[in-house]
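Chemist: After the sequence you'll find the predicted model.
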Amino acid sequence: DGGITQSPKYLFRKEGQNVTLSCEQNLNHDAMYWYRQDPGQGLRLIYYSQIVNDFQKGDIAEGYSVSREKKESFPLTVTSAQKNPTAFYLCASSIGVDRVAEQYFGPGTRLTVT
Amino acid sequence: RKEVEQDPGPFNVPEGATVAFNCTYSNSASQSFFWYRQDCRKEPKLLMSVYSSGNEDGRFTAQLNRASQYISLLIRDSKLSDSATYLCVVIPYSSASKIIFGSGTRLSIRP
């Protein structure tokens, strides 16, 4: 079955620690995305990648970093510089950025930082 | 003014009812419009695209009003399984950096 996997589903960290969220897809999609969703708010784009070894900042990239060393993988690191890291993080992919609205989402990771 | 605005609801309607909600957008240059569905604590999933001529998919009808800058979603003969949050998505042009998600309208169908 093709799809996107994110792990873990729930993650708890202490303030001041960096944490990396995993995202893997086997859909052979070129484009991948990371979003953050907070209660009562729409999804906000953190980073996106059009192709391997390339990525661009979204609207709220500060305090986050990504890498795209393989087509299938787009991990997101939430650094200690991110002021409000507790949120629901969603990874997505699409055939290309020109098909951005037809994206498939992973099940998400709920990060809680205390 | 927010770029995309939705009534957060919740809309609470009985099974079998017809329900409609709108989404307004501020950028008149917006080109592409979509509705996504998000179940509680799950990921969003594409429900349907919205075309200028309007489009229908079973019990769901989506329409675009460019003059007034809003899109709408109509659900007929609502089912319990329609309970979810419906997200409006607006794209000025095909660019990942410009996709805008609304905050969603919560719909609850009661037996």
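Modeler: Everything's here; your move.

Chemist: Let me see the residues that make contact with stretch B:97-104.
Modeler: A:35, A:40-45, A:48, A:56, A:58-59, A:100-101, B:3-6, B:8, B:23, B:25, B:36, B:38, B:44, B:85-92 (C-beta atoms under 8 Å, 6 or more residues apart in numbering or on different chains). In short, each C-beta sits where N, CA and C put it, glycine included.

Chemist: Which residues of chain B lie near chain A?
Modeler: B:4, B:8, B:32, B:34, B:42-46, B:49, B:87, B:89, B:91, B:94-97, B:99-104 (C-beta under 8 Å from any C-beta of the partner chain).

Chemist: and B:F101, how many residues sit next to it?
Modeler: Using other C-beta atoms under 10 Å in any protein chain shown, B:F101 has 23 other residues around it.

Chemist: With B:Q63 instead?
Modeler: B:Q63: 19 neighbours (other C-beta under 10 Å).

Chemist: Who's the closest spatial neighbour of it, skipping the chain neighbours?
Modeler: Nearest residue to B:Q63, sequence neighbours excluded (C-beta to C-beta, 6 or more residues apart in numbering or on different chains): B:G54, at 4.3 Å.

Chemist: What separation is there between the one you found and B:D82?
Modeler: 20 Å (C-beta to C-beta, to the nearest Å).

Chemist: So which of these two has more stuff around it?
Modeler: Taking neighbours as other C-beta under 10 Å, B:G54 and B:D82 compare with B:D82 leading, 18 against 14.

Chemist: Surely that one is in contact with B:S108?
Modeler: No: in this structure B:D82 lies outside contact range of B:S108 using C-beta atoms under 8 Å: 9.2 Å.
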